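Colleague: Have a look at this prediction, sequence included:
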Amino acid sequence: MDTNKASKKKFNFPSAYTILIGLTIIIAIITNFAPGMIPSKISDVVMAPVTGMIGVKDATIANTMNDAMENGGITEALNTLTNTEGQYINVWNQGKIFGAIDVAFFVLIIGGFLGVVTKSGALNAGVAAIVKKLKGRELLLIPILMILFSIGGSTYGMAEESLAFYALLTTTMICAGFDPLVAVSTVLLGAGCGVLGSTINPFATGIASASAGVPVNQGIVLALGGLLWIGSLSVAIYFTMKYAKKIKEDPTKSLVSKFELDNALKAYSEDNDGTIELTKRRKFALIAFGITFLVMILGIIPWEDFGVSWFSNHTGILMGSPFGSWWFYEFAAWFLLMAVVIGIIAKMSERDIVSSFVAGASDMVGVALVIGISRGISCIMTNSGLDLYILNGACNVLNGVSGVIFVNLAYIIYIGLSFLIPSTSGLATISMPIFAPLAVKLGLAPELMIAAFSAGSGIVNLITPTSAIVMGGLSIAKLEYSTWLKYVWRILLGIFVVCVLILSIAIMIV
């Protein structure tokens, strides 16, 4: 026996926390060597997770930066940033609360909500009943759910709110004989491919069109988004079903490690052997469970943008904000309320409701920390001007290039930019006023640039470790980031090729 070989320790891929903190340090070091930027200090790195979680010192700087970008471009924006050194900013925050605290708190509430539902037995009994009904046809769950998630992504930009579905889908897929990777793939790739192929998504193509500064044909934007949506989703569904079928037939072919699977089974498969009876009371609890998610979806869809005003006039009584203007603080309050309602329906005692809620929330503390740390990376890039610096370089690369090369090079550049700016709406706000007029100047349709932006941002948001959705979803499903990389790279390659083909053909038609 080779004792030296035996003594070698197997390499363990770093945890999500280590990866994110490492990225924070690397980006901070880069800011000290790139010219024309504000160098990040040691204190900025140390404080990054906190500033990422709580946001800003001066919320007015965001508007100042936007004005500078519109009036003087990147150079003026960098000058403005230099003059505000020491003030934490988060230019692309949505909603009333800066930083990631709203998303992180929502995740904790989701954990508590699921803790109550699980304790009631309704979720496990319901999942067991569904799987029993689909016996032998479990694979059908995958395309149906992925299409539904993708509709949410393409129409209203379903993103962080999808975190609410990971625990439910992990439970369902394990019970159906699959593994946690199938659950993550169903939610993340489903919603993500929808965002990649945004059609009427106000947070992607909507903001991109409004920020372009040149006339945009919405019909062309809709058509190109639809093609990207169908193409990318088809690839994702094919590979997800292929993998699910393979591990269903032979579980040893799963990419999930024993450690990950044991953690997932411990968290999500207890009492899922079909022995829990689906009583009438549990059925009512499941109906309330479904209503909870339905109301969440109704709350985030921007109804007035689609010409629907009824919700604005009749739904403000519940949370103080009407459907269409809900954000994570309303979501958190709604799920907290429904946790109590479901506990009462299930005839749980006050002590059981509280203890199961606290236990469920505690399971999500790690996810909340990941969200804060990942937002801290964006904070470092924003406050140093690194994102603007790279955007300026990308603009110089594109200038003078034409035809098929231009649109595909723009797609690749957007992939790079999206790693630095994981916010879809943020990337549109900062880049489209520069790139869309450049496309027109070179004799190309600005709609092509919007499609390249949507495709580039969309594919990166399926894999980037700076995304709260990716890292948060994996944490909920008890998976390591390295496992996701091993699984998803082939799918991303397929989606990349499909997007290049669609963009290349589109430039000949548009």
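Modeller: Great, that's in hand.

Colleague: which residues are contacting whichever strand or helix holds Ile147?
Modeller: Ile147 belongs to helix 141-156 when assigned by DSSP states H and E. Here helix 141-156 makes contact (C-beta atoms under 8 Å, 6 or more residues apart in numbering) with 134, 158-159, 162, 165, 169, 172-173, 176, 182, 186-187, 189-203, 225, 229, 233, 236-237, 240-241, 244, 297, 300-302. To be clear about C-beta, it is placed using only N, CA and C from the backbone, and glycine gets the same treatment.

Colleague: Pull out the buried residues from that helix.
Modeller: By neighbour count with 16 or more other C-beta atoms under 10 Å, helix 141-156 contains the buried residues 141-143, 145-146, 149-156.

Colleague: so how far is that helix from its chain's centroid?
Modeller: In terms of C-alpha atoms, centre = their mean, to the nearest Å, the centre of helix 141-156 is set 14 Å apart from its chain centre.

Colleague: Could you list the alpha-carbon positions for it in CSV?
Modeller: Extracted in CSV, the C-alpha atoms of helix 141-156 (Å, rounded to 0.1, in the frame of the first residue of the first chain):
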residue,chain,number,x,y,z
LEU,A,141,-43.2,17.3,-13.3
ILE,A,142,-40.0,18.8,-14.7
PRO,A,143,-41.2,20.3,-18.0
ILE,A,144,-44.5,21.5,-16.5
LEU,A,145,-42.9,23.3,-13.6
MET,A,146,-40.0,24.7,-15.7
ILE,A,147,-42.4,26.2,-18.2
LEU,A,148,-44.4,27.7,-15.3
PHE,A,149,-41.3,29.2,-13.7
SER,A,150,-40.1,30.5,-17.1
ILE,A,151,-43.4,32.3,-17.7
GLY,A,152,-42.8,34.1,-14.4
GLY,A,153,-39.2,34.9,-15.5
SER,A,154,-40.1,36.2,-18.9
THR,A,155,-43.1,38.3,-17.9
TYR,A,156,-42.2,39.9,-14.6
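
Colleague: Heading C-terminal from it, find the next helix or strand.
Modeller: Counting by DSSP H and E, the element after helix 141-156 in chain order, helix or strand, is helix 163-175.

Colleague: Can I get that following helix in CSV, CA atoms only?
Modeller: Extracted in CSV, the C-alpha atoms of helix 163-175 (Å, rounded to 0.1, in the frame of the first residue of the first chain):
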residue,chain,number,x,y,z
LEU,A,163,-36.1,31.3,-3.3
ALA,A,164,-39.5,30.5,-1.7
PHE,A,165,-39.9,27.4,-4.0
TYR,A,166,-36.5,25.6,-3.5
ALA,A,167,-37.4,23.8,-0.2
LEU,A,168,-40.8,22.7,-1.6
LEU,A,169,-39.3,21.4,-4.9
THR,A,170,-36.4,19.7,-3.1
THR,A,171,-38.9,17.8,-1.0
THR,A,172,-41.0,16.9,-4.0
MET,A,173,-38.1,15.8,-6.2
ILE,A,174,-36.5,13.7,-3.5
CYS,A,175,-39.8,12.0,-2.8
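
Colleague: quick one: contacts of it?
Modeller: 103, 106-107, 110-111, 114, 123-124, 127-128, 130-131, 141, 145, 149, 179-180, 182-184, 186-187, 244, 264-265, 267-269, 272, 293, 296, 331, 335, 367, 469, 472-473, 476-478.

Colleague: Quick one: buried ones out of the contacts of helix 141-156?
Modeller: 158-159, 162, 165, 169, 172-173, 176, 182, 186-187, 189-203, 225, 229, 233, 236-237, 240-241, 244, 300-302.

Colleague: what comes up buried for the longest helix along the chain?
Modeller: Longest helix in the chain by number of residues, with DSSP state H as the criterion: helix 218-249. By 16+ other C-beta under 10 Å, the buried positions in helix 218-249 come out as 220-221, 223-225, 227-233, 235-237, 239-241, 243-244, 247-248.

Colleague: Show me where this protein dips below the pLDDT cut-off.
Modeller: 1-13, 55-75, 77-99, 270-276 (pLDDT under 70).

Colleague: just checking, Ile390 touches Ile421?
Modeller: No: judged on C-beta atoms under 8 Å, Ile390 makes no contact with Ile421 at a distance of 9.1 Å.

Colleague: Between these two, tell me which one has more neighbours.
Modeller: Set Ile390 next to Ile421 and count neighbours by other C-beta atoms under 10 Å: Ile421 wins out with 28 against 19.

Colleague: quick one, what contacts the residue lying closest to Gly197 once chain neighbours are set aside?
Modeller: In space, not counting the residues next to it along the chain, Gly197 is nearest to Trp229; the distance is 2.4 Å by C-beta to C-beta, 6 or more residues apart in numbering. For Trp229, the contact set (C-beta under 8 Å, 6+ apart) comprises Ser150, Ser154, Cys193, Gly194, Leu196, Gly197, Ser198, Thr199.

Colleague: Please narrow those residues to those residing in helices.
Modeller: Using DSSP H, those in helices are Ser150, Ser154, Cys193, Gly194, Leu196.

Colleague: And the second one, how close does it get to Leu168?
Modeller: From Ser154 across to Leu168, the span is 21 Å (C-beta to C-beta, to the nearest Å).

Colleague: secondary structure element for the closest residue to Ala455 other than its chain neighbours?
Modeller: Using C-beta to C-beta, 6+ apart and skipping the chain neighbours, the partner closest in space to Ala455 is Cys499 (4.3 Å). Secondary-structure element containing Cys499, defined by DSSP H and E: helix 481-509.

Colleague: likewise Leu261?
Modeller: helix 258-268.

Colleague: Going by contacts, tell me the helices and strands next to that helix.
Modeller: Taking 3 or more C-beta pairs under 8 Å, 6 or more residues apart in numbering; DSSP states H and E as contact, the helices and strands that helix 258-268 lies on are helix 163-175, helix 180-184.

Colleague: okay, these in CSV with distance to Val404 next?
Modeller: CSV is the format used below for these (distance: least, C-beta to C-beta, whole Å):
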stretch, distance to Val404
helix 163-175, 38
helix 180-184, 34
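
Colleague: among those helices, which is the most enclosed?
Modeller: helix 180-184 (a mean of 28; mean count of other C-beta atoms under 10 Å).

Colleague: Need the contact partners of that one.
Modeller: By C-beta under 8 Å, 6+ apart, the residues outside helix 180-184 that reach it are 142, 166, 169-170, 172-174, 240, 243-244, 247, 254-256, 260-261, 264, 473-474, 477-479, 483-484, 487.

Colleague: ok, back up a step: got the angle between the helix holding Cys499 and helix 258-268?
Modeller: 90 degrees (axes from the mean of the first three to the mean of the last three C-alpha atoms, to 10 degrees).

Colleague: got the angle for helix 481-509 vs helix 218-249?
Modeller: Helix 481-509 runs at 140 degrees relative to helix 218-249, counting by the same axes, to 10 degrees.

Colleague: How about helix 481-509, which residues are buried there?
Modeller: Using 16+ other C-beta under 10 Å as the test for burial, helix 481-509 gives 481-484, 487-488, 491-492, 494-496, 498-500, 502-503, 506-507.

Colleague: And for stretch 116-130?
Modeller: Those would be 116-129, for stretch 116-130 by 16+ other C-beta under 10 Å.

Colleague: same check, this time on stretch 306-315
Modeller: For stretch 306-315, the buried set under the neighbour-count rule, 16+ other C-beta under 10 Å, comprises Phe311, Thr315.

Colleague: next one: that stretch to chain centre, how far?
Modeller: Taking C-alpha atoms, centre = their mean, one finds the center of stretch 306-315 at 27 Å from the center of the full chain.

Colleague: any idea how far Phe149 is from the closest residue to Leu462 other than its chain neighbours?
Modeller: Once flanking residues are discounted, Leu462 sits nearest to Gly192: 4.6 Å by C-beta to C-beta, 6+ apart. According to C-beta to C-beta, Gly192 and Phe149 sit 8 Å apart.
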